[in-house]
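[1] 3D model of this:
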Amino acid sequence: MNINNYSKFKNEIEKTPENFYIIHYSCEGLNDRNKELSPRITSIAIMHYQTGQTTSFSTHMEAEILCIPRDKVSDQFDAVEKAILKKFYRFIQDLQGKYWIHWNMKNATYGFQHIEHRYSVLFQQEIPTKIDIENRINIHDLLTEKYGGDYANEPYMVNLMDINNGKRRDFLTGKEEVEAFQKKDFLAMHNSTLCKVKFFQYVIKQMLANKLIVTSKLWSIWLDKLFESRCNKLIALISGFLAIFGFSCTIITYLITIT
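    From the prediction side, this is the model:
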């Protein structure tokens, strides 16, 4: 099924949440090396939306497995990055047909195509499996469709986080990730990636429940919240009446029985 709007997304994720995965990754900054070279992948995190279980592949973990000291990682980054990408594509091979929720991973500069390109550069061959375009779902597009383009101030992600319980502890902005890479603080980059997929899960759940805080001033948002509130109160009221009615029927039946 091709999910190309918020309504289809809401219906499908509520019906089959087990089919959805959240993905995010970090990379070195665009200007860290020769501008003609694509940025290296430093970590990838994947969360199963329904269970919250997360699988990740990162520079510091692969370097440790390969017995590469932190200060030598830059000299042997090809081996480290190859290990990350090999494990990533092995992992997604068994997840064909699933849906992949992401934040603006939509081009060769930053996106699925960038990851594919890095694999091809390092291994000199085509990727072993592919995440189909129709199975990629951009959270930013969903938020824009539901709340309008002013759902948060730019930069969207960090400001959306700020108005929804504040900036998370391990979160790094793009600039801060570049600084972390330059300092060889690969663990910080990895933790930031994990932090973001967790935040994306929170955003989706709050959005589906009409509880996400946004800066938009749309009547539709107010009506959604009002309708949800009225519905909840009505359901509670009806449930209360039914409970009282059921209890009354039980008492009457008992009285009739003993008489």
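[2] now do the strands in the stretch 101-250 of the chain.
    In the stretch 101-250 of the chain, strands defined by DSSP state E, counting those that start in this stretch lie at 136-138, listed in chain order.
[3] got any ranges where it has weak pLDDT?
    Low-confidence segments of the stretch 101-250 of the chain, defined by pLDDT under 70: 218-250.
[4] how about the helices in it?
    Along the stretch 101-250 of the chain, the segments classed as helices by DSSP state H, counting those that start in this stretch run 112-123, 139-147, 156-162, 174-182, 186-208, 219-258.
[5] Y119 and I92 touch, don't they?
    No - the pair formed by Y119 and I92 falls short of the contact definition of C-beta atoms under 8 Å, at 11.6 Å. For every residue, glycine as well, the C-beta is placed using N, CA and C.
[6] output stretch 95-110 in PDB, but only the C-alpha positions, please.
    Once side chains and other backbone atoms are set aside, the C-alpha atoms of stretch 95-110 remain, and they are given as PDB (Å, rounded to 0.1, in the frame of the first residue of the first chain):
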ATOM      1  CA  LEU A  95      12.100  -6.300   6.500                       C
ATOM      2  CA  GLN A  96      11.000  -6.000   2.900                       C
ATOM      3  CA  GLY A  97       7.500  -4.500   2.500                       C
ATOM      4  CA  LYS A  98       7.700  -2.700   5.900                       C
ATOM      5  CA  TYR A  99       7.200   1.100   6.200                       C
ATOM      6  CA  TRP A 100      10.200   3.400   7.100                       C
ATOM      7  CA  ILE A 101       9.400   6.600   9.000                       C
ATOM      8  CA  HIS A 102      12.100   9.300   8.700                       C
ATOM      9  CA  TRP A 103      12.800  13.000   9.000                       C
ATOM     10  CA  ASN A 104      13.700  14.500   5.700                       C
ATOM     11  CA  MET A 105      15.900  11.700   4.500                       C
ATOM     12  CA  LYS A 106      15.000  12.500   0.900                       C
ATOM     13  CA  ASN A 107      18.000  13.100  -1.300                       C
ATOM     14  CA  ALA A 108      21.600  12.200  -2.000                       C
ATOM     15  CA  THR A 109      22.900  14.900   0.300                       C
ATOM     16  CA  TYR A 110      21.100  13.400   3.300                       C
END
